[in-house]
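S.K.: next come a sequence and a model predicted from it.
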Amino acid sequence: MAKIVYRRHDRNEMPLMPPEKRKKTFDEYALGFPVNVAIDEAYRCILCKKAPCIPVCPAELDIPKWIEQIQKENMVEAYRIIRDKSPFGAVCGRVCPQERQCESNCVLMFKDNGLSVAIGALERFAADTVRISGLPFEEEKAPETGKKVAVLGAGPAGLSAAYFLAKRGHKVVIYEALAESGGVMRYGIPPARLDRKALDFEIELIEKLGVEIKTDHVVGQTITYGDLKDEYDAIFIGVGSGRGKTIGVPGEGLIGVYTAIEFLTRINLYEAFKFPEEADTPIPRGKKVVVVGGGFTAVDCLITSLRLDNETHLVYRRTRETSSARDEEWDHVAEEGAILHWLTQPVEIIGNEKGEVVGIKCIKMELVPDEKGGRPRPKPVPNSEHIIECDIVVQAVGQGPNPLAYQDIPNLKIDKWQNLSTVDSRYRTNVEGVFAGGDVVNGGDTVVRAIRHGRDAAEAIDEYLKTGKWEYEEE
Ligand SMILES: Cc1cc2nc3c(=O)[nH]c(=O)nc-3n(C[C@H](O)[C@H](O)[C@H](O)COP(=O)(O)OP(=O)(O)OC[C@H]3O[C@@H](n4cnc5c(N)ncnc54)[C@H](O)[C@@H]3O)c2cc1C
């Protein structure tokens, strides 16, 4: 009998709210696959035995295994397989740069139609279906060990460490400085990109395993390392890299200049878009805003500013292709009306006699080859100064660590950027019983990499709690 061959067709694309509509709401604009589309997309996956998508996923999810479950319409099992490696499938399905990770190495990229399986959209689908349908979802955990671990910071690194430790039967308490948990997933990434119901659901599943989250606890202030070290058998530090950097030009002290973190936190945490009726925190509306930077953070500032009816510009010293944000996101903000000035570098923020911002002076750049073989360097183009008039400047040029949580740990190794140094690939610091991971160690990366750090550190902590051994060879 002739074999029936399933004809693969083009990839199903994520449905989006139209730009005019999405500009008026902080609700999520990527709408997710309907069931029939998700199952259809899942069938595009050929379930490779040696799947090349797995090693390029920083969390090494077993992608074909859970996509096969979507093909079988068993979303609970699909989600369970995702959660074997990561407690944040709903988040990663939305915010991971899949086109540079799993999807970049999908065999369909090199066969047939050259379009990868929409792995991110399917991951989101499995997680959302479990949440929205209310299907029973219980997770197993090992019997209680009697050991206690303190986790500092409730971002993806800390929450992931807590999840995998709780599953191994350890008691975990997270100390979080802010009033809500989630780290950058809550105070940085706007709800337009990450639905808070999806985030809350995944944090609640972690709490359901017995993890206690103490919010409004600033470690180094409300509580210190000295208080924690006697009460806990091990400590994991995952306090991120949340201190906004500035661009380093004259005029940074003017009224109307924000760091990205300050700007985004006002909206995402303190709901300043409801000011003055329902919130106390003000935010500029109907103004002219210039965002400086070219990464995830810059995109999130643009998304946020556009939703406040601001005329919104981006200034970035490199090109779109050499920026670190996702390509599709530049398309989205451009569709919503953002004006993107590539190869443009700010040299001064200009103020009026009242000390308020009235413009930003910029210079054009060109990319020239790097003598040391690195990526091309931006070089100023002579006589290209120009002024972009504006009322607000948002500096989205990276974050640095805030060492408050760990500055009183005696002899703890810190690098020249104030990041925490780990001494081996098992996330150990040089102080016995103290582990660290996520942005506080790597200085700023991705959600999925923070999740991986948390997972691997949990494994190393578990081993330490069971054996009491601390010897390591410095790597
Ligand atoms: C605006 C923005 C957008 C981003 N967008 C993306 C994206 O789309 N995709 C992606 O993959 N990555 C993105 N990233 C990067 C990603 O969010 C981070 O790499 C990731 O959140 C790091 O996780 P973490 O747990 O190490 O730190 P964080 O998420 O920063 O969490 C650290 C937590 O520790 C708490 N903390 C700090 N100090 C103390 C203290 N003294 N005591 C107690 N708690 C403390 C903080 O309040 C915070 O809740 C983005 C980053 C930013 C800033």
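M.R.: Looks like it came in fine. Since this is a predicted model, take the numbers as computed values, not measurements.
S.K.: any weak-confidence spans in the chain?
M.R.: Across the chain, the ranges flagged by pLDDT under 70 are 1-8, 112-113, 473-475.
S.K.: for the closest residue to the ligand within the stretch 1-150 of the chain, give me its contacts.
M.R.: Here the stretch 1-150 of the chain gets closest to the ligand at one residue, V95, 3.7 Å apart by CB to the nearest ligand atom. Placement of C-beta: from N, CA and C, glycine included. The neighbourhood of V95, defined by CB atoms under 8 Å, 6 or more residues apart in numbering, consists of 185, 189, 193-194, 447.
S.K.: before we move on, what about I388?
M.R.: By CB under 8 Å, 6+ apart, I388 lies in contact with 290, 313, 315, 341, 359-360, 362.
S.K.: cutoff 10 Å now
M.R.: Under the criterion of CB atoms under 10 Å, 6 or more residues apart in numbering, the neighbours of I388 are 288, 290, 313, 315, 339, 341, 344, 346, 350, 359-362.
S.K.: and the longest strand anywhere in the chain, what does it pack against?
M.R.: Ordering each strand of the chain by length in residues (DSSP state E) puts strand 357-368 first. Counting contacts by 3 or more CB pairs under 10 Å, 6 or more residues apart in numbering; DSSP states H and E, strand 357-368 is packed against strand 288-292, strand 311-315, strand 344-351, strand 377-380, strand 386-389, strand 392-395.
S.K.: give the partner strands of it in its sheet and their orientations.
M.R.: The strands beside strand 357-368 in its sheet (DSSP bridges) come out as strand 344-351 (antiparallel), strand 377-380 (antiparallel), strand 386-389 (antiparallel).
S.K.: select only the buried ones of the contacts of I388 in ChimeraX?
M.R.: Buried residues among the contacts of I388 (16 or more other CB atoms under 10 Å), as a ChimeraX selection:
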select :288,290,313,315,341,344,346,350,359,360,361,362
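S.K.: out of the contacts of I388, flag the one nearest to C301.
M.R.: Nearest to C301 out of these is V290 (CB to CB; 10.0 Å).
S.K.: quick one, what contacts N310?
M.R.: The contact partners of N310, by CB under 10 Å, 6+ apart, come to 283-291, 302, 304, 337-338, 390-392.
S.K.: farthest pair in those residues?
M.R.: I283 and G337 (18.4 Å).
S.K.: next, give phi and psi for whichever residue of the stretch 351-475 of the chain sits closest to the ligand.
M.R.: Among all residues of the stretch 351-475 of the chain, G438 sits closest to the ligand, at 2.3 Å; criterion: CB to the nearest ligand atom. Backbone torsions for G438, taken as degrees, to the nearest 10, come to phi 90, psi -160.
S.K.: three-state assignment of the closest residue to it other than its chain neighbours?
M.R.: Closest residue to G438 apart from its sequence neighbours, by CB to CB, 6 or more residues apart in numbering: A157 at 2.7 Å. Three-state assignment for A157 (DSSP: H, G, I helix; E, B strand; the rest coil): helix.
S.K.: number the residues from 73 up from this point.
M.R.: Got it, first residue is 73 now, which makes that one A229.
S.K.: give me the neighbour count for the nearest residue to V440 once chain neighbours are set aside.
M.R.: Distances taken as CB to CB, 6+ apart put K451 closest to V440, at 4.8 Å, once the chain neighbours are dropped. By other CB atoms under 10 Å, 13 other residues sit near K451.
S.K.: on that earlier part again, a markdown table please, covering the helices and strands packed on strand 429-440 and showing distance to A102.
M.R.: What follows is the helices and strands packed on strand 429-440, written out as a markdown table (distance: least, CB to CB, whole Å):
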| stretch | distance to A102 |
| --- | --- |
| strand 360-364 | 21 |
| strand 383-387 | 20 |
| strand 416-423 | 29 |
| strand 449-452 | 32 |
| strand 458-461 | 30 |
| strand 464-467 | 23 |
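S.K.: which one of those strands lies closest to K280?
M.R.: Nearest of the helices and strands packed on strand 429-440 (CB to CB): strand 464-467, 37.5 Å.
S.K.: how about that closest one and the ligand, touching?
M.R.: No: Strand 464-467 lies out of reach of the ligand by CB under 6 Å from any ligand atom, never closer than 10.9 Å.
S.K.: what's near enough to touch whatever residue of the stretch 123-272 of the chain ends up closest to the ligand?
M.R.: Nearest to the ligand, among the residues of the stretch 123-272 of the chain, is G227, at 2.0 Å (CB to the nearest ligand atom). Applying CB under 10 Å, 6+ apart, we find G227 in contact with 246, 248, 250, 253-260, 310-314, 510-512, 519, 522-523, 526.
S.K.: alright, I will stop here.
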